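**Q** Next one to model:
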Amino acid sequence: GGGAGALNFNGDLNNQGTVTPNKSLSLMKSGGVVTNNGTITIPAGQSLRNNLPGVYPQTFNQNGGTLDVTGTLTLVSSTFYFTGGTITGGGTINLSYSTFYGIGSMTANLNSTNSQLNPGLSPGILNITGNYTQTSGSLNVEISGLNPGTSFDHLNVSGVATLAGTLTVPFINGYVPSPCDAFTVLTYGTRTGTFSSVTSTGLPVGTNIRAVYTATGVVVVAYNTNSKINISPTVVSASEGGATGAYGICLASATAPTGNVTVNTVPNSQVTTSPASLVFTTTDWDTVKTVTATAVDDTVPEGNHTGSIAHTSSSSDLNYNNLALPAVTVNITDNDADLSVSKTDSPDPVQPGGQLTYTITVGNNSPTGATNVVLTDTLPAGVAFVSATPSQGSCSQAGGTVTCNLGSLASGASATATIVVTANT
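**A** Residues are numbered from 1 along each chain as shown. Next comes the predicted model:
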């Protein structure tokens, strides 16, 4: 017949087979656990409600098999664990006074009212192919590092994310973020609304967070209130002609400045910066801006050395004007080899018509290896070339000039070239 039905039971329900209600059904269970390792199908136009108000809390484990939600699944005063199998169908899952833990991918719309969504099982990623609507309650994302899915939770919504309620961010396992660290905890196709509040736990005094809303996601930004402008890290590395360093600059506030804030970089002669100047406006003030530090690629053998970048600030908002800001140290790897060359001859003097041997030693005094080392030696007048033998690589002679391609020399290593000539009679 038509109408809705109800199933009352007191023991645990473990589905290993197939359940397909042909009418809307309520599972009223006095506590205990519902586990699906088979297939539960909720057809279009039908609903499955696993609890009713006033009934003892229930646990629903989706840890295998298929939960096919084409209609509606309503969870009331329940804890739902999505740890395995698949959730499919494209229907709707309603949470009411419930807690949802999930990792993996689900194809369904998820509505949360007075409930808590925990993506990831700490840490991890929950992908929703559909829409996510949070009218109250909280989205709870735990953070223990900088990598999404492996050290902090992430929720990915393909459709519309409708936001309200609270974003709760526990920092776990003793992890404390550095100033200007950024964590993209939520991505979406489009968004309406914002979280009413953002809270955190596990942070020391002086370290706070804020939520930044972009066109594609929500980013949690950490900052330290000991300074109105944060710069981090203050030590980076770069290589002449190679890798660059980068650091972030952000404002340390939960509210916008009253005017634009400009931060200028002042590098010394060993490094350049891009951009040279950053402007935080009253609309993008909450973002983290990145400075790239590039080592000056000179031809001077300096060994590993350092550059420095000072900073100044200016703003009509006096909270940010002319602040004492930290400098950034750039540890630079030199690409200019510090090579030494020594030359001896034997015998000295040489008799006319006799052979003379030159021994040339090339040493690498650089703290790093030297590559593509080439030795060039011009023979003096009055001699005839006989041979040139290197300890590594190869040598050739043309027009009285000996060229030896010695290849690479490790730090502290040396190579020799032995050149034999005959003195003219």
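
**Q** C-alpha only now, for contacts and for neighbours.
**A** Will do.

**Q** now the strands for the stretch 301-425 of the chain?
**A** With DSSP state E, counting those that start in this stretch as the criterion, the stretch 301-425 of the chain has strands at 305-315, 328-333, 339-346, 355-364, 370-378, 383-390, 394-398, 401-409, 414-423.

**Q** got those strands as a markdown table, with mean neighbour count, distance to Y188 and mean pLDDT columns?
**A** As requested, the strands of the stretch 301-425 of the chain are exported to a markdown table (neighbours: other Cα atoms under 10 Å; distance: least, Cα to Cα, whole Å; pLDDT from 0 to 100):
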| stretch | mean neighbour count | distance to Y188 | mean pLDDT |
| --- | --- | --- | --- |
| strand 305-315 | 18 | 35 | 97 |
| strand 328-333 | 22 | 35 | 96 |
| strand 339-346 | 13 | 56 | 96 |
| strand 355-364 | 19 | 55 | 97 |
| strand 370-378 | 15 | 49 | 94 |
| strand 383-390 | 17 | 64 | 97 |
| strand 394-398 | 15 | 61 | 97 |
| strand 401-409 | 19 | 51 | 97 |
| strand 414-423 | 20 | 59 | 97 |
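
**Q** Which of the ones you listed sits closest to S151?
**A** For S151, the closest of these is strand 328-333, at 27.2 Å, according to Cα to Cα.

**Q** Relative to that closest one, what are the paired strands and their orientations?
**A** Based on DSSP bridges, the pairing partners of strand 328-333 within the sheet are strand 235-239 (parallel), strand 305-315 (antiparallel).

**Q** follow-up on the earlier one: got the strands of the stretch 301-425 of the chain as a markdown table, with distance to T262 columns?
**A** Output for these, formatted as a markdown table (distance: least, Cα to Cα, whole Å):
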| stretch | distance to T262 |
| --- | --- |
| strand 305-315 | 5 |
| strand 328-333 | 17 |
| strand 339-346 | 45 |
| strand 355-364 | 45 |
| strand 370-378 | 42 |
| strand 383-390 | 58 |
| strand 394-398 | 57 |
| strand 401-409 | 47 |
| strand 414-423 | 51 |
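
**Q** low-scoring pLDDT stretches of this protein, where are they?
**A** Per-residue confidence for the chain (pLDDT under 70) gives these ranges: 1-17, 19-39, 41-43, 45-57.

**Q** Could you rerun that using 90?
**A** 1-80, 84-86, 120-122, 299-304, 334-338, 365-371, 411, 425 (pLDDT under 90).

**Q** secondary structure class for the closest residue to W285 other than its chain neighbours?
**A** The shortest distance from W285 to any non-neighbouring residue, by Cα to Cα, 6 or more residues apart in numbering, is to A256 (6.2 Å). Classification of A256 by DSSP: H, G, I helix; E, B strand; the rest coil places it in coil.

**Q** pretty sure A256 contacts T282?
**A** Yes. Counting by Cα atoms under 8 Å, A256 sits close enough to T282 to count as a contact (5.8 Å).

**Q** Now G369. Nearest residue, chain neighbours left out?
**A** A410 (4.2 Å).

**Q** Just want the phi and psi numbers for that neighbour.
**A** The phi and psi torsions at A410 (degrees, to the nearest 10) take the values phi -70, psi 160.

**Q** I'd like to know which of the strands of the stretch 301-425 of the chain lies nearest to L155.
**A** strand 328-333 (34.5 Å).

**Q** how far does the closest one sit from the chain's center?
**A** Here strand 328-333 is found 21 Å from its chain centre; the criterion is Cα atoms, centre = their mean, to the nearest Å.

**Q** about what we covered before: let me know whether the residue nearest to G369 touches N364 as I believe.
**A** Yes. Applying Cα under 8 Å as the test, A410 and N364 come out as touching, 6.9 Å apart.

**Q** Give me the common contacts of the two.
**A** Counting by Cα atoms under 8 Å, 6 or more residues apart in numbering, the contacts common to A410 and N364 are A370.

**Q** Just list whatever residues bridge to the closest residue to P233 other than its chain neighbours.
**A** Leaving aside its chain neighbours, P233 sits nearest to Y247 (5.6 Å; criterion: Cα to Cα, 6+ apart). For Y247, the beta-bridge partners under DSSP bridges are V291.

**Q** Now for Y247, how many residues are close by?
**A** Y247: 18 surrounding residues under other Cα atoms under 10 Å.

**Q** G382 now?
**A** G382 has 11 neighbouring residues, counting by other Cα under 10 Å.

**Q** check contacts around it.
**A** Applying Cα under 8 Å, 6+ apart, we find G382 in contact with 423-424.

**Q** Kindly provide the distance from it to L121.
**A** 83 Å (Cα to Cα, to the nearest Å).

**Q** give me phi/psi at S151?
**A** According to degrees, to the nearest 10, S151 has phi -140, psi 0.

**Q** Spatially nearest residue to it (excluding sequence neighbours)?
**A** Nearest one to S151, counting by Cα to Cα, 6+ apart, is G145 at 4.7 Å.

**Q** C-alpha coordinates for the helix or strand hosting G64, PDB please?
**A** Assigned by DSSP states H and E, G64 belongs to strand 58-69. Extracted C-alpha coordinates of strand 58-69, given in PDB (Å, rounded to 0.1, in the frame of the first residue of the first chain):
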ATOM      1  CA  GLN A  58      22.100   5.900  16.500                       C
ATOM      2  CA  THR A  59      25.300   5.100  14.600                       C
ATOM      3  CA  PHE A  60      25.300   4.400  10.900                       C
ATOM      4  CA  ASN A  61      28.400   2.800   9.400                       C
ATOM      5  CA  GLN A  62      28.900   3.000   5.700                       C
ATOM      6  CA  ASN A  63      32.100   1.100   5.500                       C
ATOM      7  CA  GLY A  64      31.500  -1.100   2.400                       C
ATOM      8  CA  GLY A  65      29.100  -1.900  -0.300                       C
ATOM      9  CA  THR A  66      26.800   0.700  -1.900                       C
ATOM     10  CA  LEU A  67      24.500   3.300  -0.400                       C
ATOM     11  CA  ASP A  68      22.400   4.400  -3.400                       C
ATOM     12  CA  VAL A  69      20.600   7.600  -2.400                       C
END
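
**Q** Run me through the strand neighbours of the next helix or strand after that strand, direction for each.
**A** Following strand 58-69 in sequence order, the next helix or strand is strand 72-76 (DSSP H and E). Strand pairing for strand 72-76, determined by DSSP bridges: strand 47-49 (parallel), strand 92-96 (parallel).

**Q** what is the orientation angle of strand 72-76 with strand 58-69?
**A** Going by axes from the mean of the first three to the mean of the last three Cα atoms, to 10 degrees, strand 72-76 is angled at 170 degrees with respect to strand 58-69.
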